[in-house]
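Chemist: Pasting the sequence and the predicted model now:
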Amino acid sequence: DGGITQSPKYLFRKEGQNVTLSCEQNLNHDAMYWYRQDPGQGLRLIYYSQIVNDFQKGDIAEGYSVSREKKESFPLTVTSAQKNPTAFYLCASSTGLAGGKGTDTQYFGPGTRLTVL
Amino acid sequence: LAKTTQPISMDSYEGQEVNITCSHNNIATNDYITWYQQFPSQGPRFIIQGYKTKVTNEVASLFIPADRKSSTLSLPRVSLSDTAVYYCLVGDRETGRRALTFGSGTRLQVQP
């Protein structure tokens, strides 16, 4: 089955600890994204990557870090610098539209719910 | 950042047609308009995408006027399982990013 997976589904962390959320896709997509969603709110972009070994900050990158060493993987680290890390984290991927045509469709993973204790 | 504006919530009954309108005044020439559906504690799911005029698939229709500054998602004969949040998405003309700015969405509640 082709798709995008995130693990774990639920994650608990103590204050002051870093934690890494996993995101893997086997869709052969060039672009990958991380979003944060708070209760009753929309999605906010944390980081995105259009190609391997390159990534860009989104709207709320402070306190987060990413890497893109492989095409299929885009892990997100929530650092202790993130003041309010408890949220639902969503990873997505898309073809990336190297040709510059309009808007490409994003495919989302099931999400990871992070709770800081 | 390019913004989209949608109603915060809508209510409907089973069997009715639901129309959700999204305003996107700063849409760029190359941008498509994409709609997603999200159920609680799940990732958003693609519903439909269009550039101009009308697009229809097995799930919904999308109406886009000539000036493209708004779009309307139409869900025919909704059922209880259509209760979800619906997001309208366009590209970002200022930074060149594509489809990366989600609005707050429209929370649709379908009653029996």
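Modeler: Sure, I can see it.
Chemist: Could you show which parts of chain A are in contact with chain B?
Modeler: With CB under 8 Å from any CB of the partner chain as the criterion, chain A meets chain B at residues A:33, A:35, A:41-45, A:48, A:58-59, A:88, A:90, A:92, A:94, A:97, A:100-111, A:113. From N, CA and C alone the C-beta is placed, and that goes for glycine too.
Chemist: Can you tell me the centre-most residue of chain A?
Modeler: Taking CA atoms, centre = their mean as the criterion, residue A:34 is the residue nearest the geometric centre of chain A, at 2.4 Å.
Chemist: Which residues does whichever strand or helix holds that residue contact?
Modeler: Assignment of secondary structure by DSSP states H and E places residue A:34 within strand A:31-37. Outside of strand A:31-37, the residues that reach it under the criterion CB atoms under 8 Å, 6 or more residues apart in numbering or on different chains are A:23, A:25, A:43-51, A:58, A:60, A:64, A:66, A:68, A:74, A:76, A:87-97, A:104, A:106, A:111, B:100, B:102.
Chemist: and the least confident helix or strand in chain B by mean pLDDT, what other elements does it pack with?
Modeler: Each helix and strand of chain B was given a mean pLDDT (mean pLDDT, DSSP states H and E); the minimum falls on strand B:101-102 at a mean of 74. Packing contacts for strand B:101-102, counted by 3 or more CB pairs under 8 Å, 6 or more residues apart in numbering or on different chains; DSSP states H and E, involve strand A:43-51, strand B:84-90.
Chemist: what ranges do the helices span in chain B?
Modeler: Taking DSSP state H to define them, one finds no helices in chain B.
Chemist: what stretches of it score poorly on pLDDT?
Modeler: Low-confidence regions of chain B, defined by pLDDT under 70, span residues B:1-2, B:91-100.
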